[in-house]
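Chemist: With the input below, show me the fold.
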Amino acid sequence: MAISSMNHFTILTDDLDGTVGFYRELLELQPGPRPAFDFPGAWLYPPGGPHAILHIMAGRPRRELVKGVIDHNAFTGQGLVETVGKLQARGIRYDLQRLPGIGTWQLFFHDPNGAKVEIDFNPAEPAPA
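Modeler: Numbering: from 1, shown residues only. The predicted model follows:
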């Protein structure tokens, strides 16, 4: 067996609508087709993408949403200045740094459920003000 790429990440939530809205507004991921599971949730797709890259599972109370050993999920994005502006407008704390020796912009923040999100941007993108 040889792994060729990451398929998706799964986020657990007790607020499905709020979580979908967060990823829709900030990362422009779009809800799309999802199998008829016996629990609520959503599958989110990148614009024009044929495969869901983020699965959201809901229906359990917050006290049952236990953090595992995965530290964060990471995406590749475009529009660093615009993304930072969206975070600032929503009052979301973030950390922005450059990958040493490479220059890739790394933007870190947390979703409404406490999941850490990273978005990597091309080093040629301008720095936010």
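
Chemist: State the phi and psi torsions of the residue nearest in space to the middle of the chain.
Modeler: When Cα atoms, centre = their mean is applied to the chain, the residue found nearest the centroid is residue 117 (5.2 Å). The phi and psi torsions at residue 117 (degrees, to the nearest 10) take the values phi -120, psi 140.

Chemist: tell me the contacts of it?
Modeler: Applying Cβ atoms under 8 Å, 6 or more residues apart in numbering, we find residue 117 in contact with 27, 72, 73, 74, 75, 108, 109, 110, 111. Every residue, glycine included, has its C-beta placed from N, CA and C.

Chemist: could you flag which of those residues are buried?
Modeler: Among the contacts of residue 117, those that count as buried by neighbour count (16 or more other Cβ atoms under 10 Å) are 27, 73, 74, 75, 109, 111.

Chemist: where's the nearest residue to residue 72 once chain neighbours are set aside relative to residue 59, distance?
Modeler: Distances taken as Cβ to Cβ, 6 or more residues apart in numbering put residue 116 closest to residue 72, at 3.7 Å, once the chain neighbours are dropped. Here residue 116 is placed at a distance of 23 Å from residue 59 (Cβ to Cβ, to the nearest Å).

Chemist: Kindly report the same for residue 75.
Modeler: In terms of Cβ to Cβ, residue 75 sits 25 Å off from residue 59.

Chemist: picking that back up, identify the bridge partners of the residue nearest to the centre of the chain.
Modeler: Judged by DSSP bridges, the bridge partners of residue 117 are residue 73, residue 109.

Chemist: Do you know the pLDDT at it?
Modeler: We note a pLDDT of 93 for residue 117 in this prediction.

Chemist: now swap in residue 2 and tell me
Modeler: For residue 2, the model assigns a pLDDT of 68.

Chemist: Go through this protein and flag its longest helix.
Modeler: In terms of residue count, the longest helix belonging to the chain (DSSP state H) is helix 16-27.
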